[in-house]
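**Student:** generate a structure from the sequence data that follows.
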Amino acid sequence: MPIPPSGEQFEIRHGHQRATIVEVGGAIREYYAGDRAVLDPFPLDKMADGARGNLLVPWPNRLADGKYDWDGAAQQTALTEPEKHNAIHGVLRWCNWVPVERGESRVSMHARIHPQMGYPFVLDVSVAYELTDVGLAVTTTATNLGETACPYGTGQHPYLSPGEGLIDDCELQFAAATRIDTDDERQLPTDGVPVAGTEYDFSEPRRVGDFQMDYAFTDLAREEDGRAYARLKGADGATAELRLDENYTVLEVFTGDTLAPDRARRGLACEPMTCPPNAFNSGDGLIRLEPGGSHSAVWGVRLR
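**Tutor:** Below is the predicted model of the structure:
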């Protein structure tokens, strides 16, 4: 039997929920509550499109020219978005991850970054997926195994599902004070823009319609439990709800307009990130992991 493009599949279950985690990129391929998709899946016989479900390590989003300076040394990574002359979404998206812990409702995947062009550090990374009564919880942990400090950021690229149809018929709600504006040519950050009262203000639920966006938002509003939320209510009345812990300070929201025609606007990318785009150059939100140091961040999603 041919090997799927996303490699070995690891299914976890809890009650009526099921999720499938994959070998390639340690990504989440699908998550359902009963027959209803909570995260828009990608097919078993296809590669992940639009970074769907991918881990974004050791930097999320874009790195201008693939260049940065770290502790006095210039670094140059591969340009994985060559048409815009950027490096995008880190180095682990297409690597093989291995399960280090596996149970009926939980699987933990592991990968290691060895010193390489543009990232001469040793970073141990694990991502644990667990289904509970309150949905799916995803914990990403990185540990610096090297002898020098390393720059680090993380993110993930889930697409909230509208159920049947497109996101156009959904209501979206998330609350943030600042939108990170970008240039038109390379989608690199320019400045922070207040959100309140603009067309990007979704602090109260409103219909998505044909609205398009692909921006990072920060200064996220936190609810009583200390988490930030994004909610996508489908035409069926069910809501896919994303939650971010305090370590995720940025939320990228992408309406999927640039994907292939049969995939465009089939899901809403709501990407938790620990730092904004180009953080390896700006230093904004960038984590300095000292030798032996670790960092963990948790996001989750459920159907309400």
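**Student:** okay, strands next: where are they in the stretch 151-300 of the chain?
**Tutor:** 155-156, 159-160, 171-174, 176-182, 189-194, 206-207, 214-220, 228-233, 239-244, 250-254, 268-273, 287-289, 294-303 (DSSP state E, counting those that start in this stretch).
**Student:** between those, which one is nearest to Arg52?
**Tutor:** Comparison of the strands of the stretch 151-300 of the chain against Arg52 by C-beta to C-beta identifies strand 159-160 as nearest, at 5.8 Å. (Glycine included, C-beta is placed from N, CA and C.)
**Student:** and that closest one, what does it pack against?
**Tutor:** In this structure, strand 159-160 packs against strand 36-39, strand 268-273, with contacts taken as 3 or more C-beta pairs under 8 Å, 6 or more residues apart in numbering; DSSP states H and E.
**Student:** how about low-confidence regions in this structure?
**Tutor:** Along the chain, no part satisfies pLDDT under 70.
**Student:** spatially central, which residue of it would that be?
**Tutor:** Central residue of the chain (C-alpha atoms, centre = their mean): Gln156, 1.8 Å from the mean position.
**Student:** quick one: it and Leu56 touch, right?
**Tutor:** Yes. Contact criterion C-beta atoms under 8 Å: Gln156 and Leu56 qualify, at 6.2 Å.
**Student:** find the residues that touch each one of these two.
**Tutor:** Glu271 (C-beta atoms under 8 Å, 6 or more residues apart in numbering).
**Student:** can you give me the helices in the stretch 1-150 of the chain?
**Tutor:** With DSSP state H, counting those that start in this stretch as the criterion, the stretch 1-150 of the chain has no helices.
**Student:** tell me which residues of stretch 253-271 come out buried.
**Tutor:** By neighbour count on 16 or more other C-beta atoms under 10 Å, the buried set for stretch 253-271 is 253-256, 259, 263, 265-271.
**Student:** what is the residue nearest to the centre of the chain paired to in the beta sheet?
**Tutor:** Leu55 (DSSP bridges).
**Student:** return the residues in contact with Leu172.
**Tutor:** Phe202, Pro205, Arg206, Arg207, Val208, Ala230, Arg231, Leu232, Lys233, Leu268 are the contacts of Leu172 under C-beta under 8 Å, 6+ apart.
**Student:** isn't the first one right up against Phe174?
**Tutor:** Okay, so that is Phe202. Yes. Assessed by C-beta under 8 Å, Phe202 is found in contact with Phe174 at 5.4 Å.
**Student:** on that earlier part again, of the buried residues of stretch 253-271, which is the nearest to Glu101?
**Tutor:** For the buried residues of stretch 253-271, the nearest to Glu101 is Glu271 (25.2 Å; C-beta to C-beta).
**Student:** neighbours around the closest residue in space to Pro5 that isn't next to it in sequence, how many?
**Tutor:** Spatial nearest neighbour of Pro5, excluding adjacent residues (C-beta to C-beta, 6 or more residues apart in numbering): Met47 at 4.6 Å. Met47 is flanked by 13 other residues according to other C-beta atoms under 10 Å.
**Student:** how close does Met47 get to Gly209?
**Tutor:** According to C-beta to C-beta, to the nearest Å, Met47 stands 30 Å off from Gly209.
**Student:** related to what we said a few turns ago, let's have the buried residues of stretch 253-271 in a markdown table, adding distance to Ala137.
**Tutor:** Output for the buried residues of stretch 253-271, formatted as a markdown table (distance: C-beta to C-beta, whole Å):
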| residue | distance to Ala137 |
| --- | --- |
| Val253 | 21 |
| Phe254 | 23 |
| Thr255 | 26 |
| Gly256 | 25 |
| Leu259 | 27 |
| Arg263 | 27 |
| Arg265 | 27 |
| Arg266 | 24 |
| Gly267 | 20 |
| Leu268 | 20 |
| Ala269 | 19 |
| Cys270 | 16 |
| Glu271 | 17 |
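**Student:** same list (the helices and strands packed on strand 159-160) but as CSV, adding distance to Gly135.
**Tutor:** Shown next, in CSV, are the helices and strands packed on strand 159-160 (distance: least, C-beta to C-beta, whole Å):
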stretch, distance to Gly135
strand 36-39, 8
strand 268-273, 14
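**Student:** which among those strands is found nearest to Leu63?
**Tutor:** strand 268-273 (12.9 Å).
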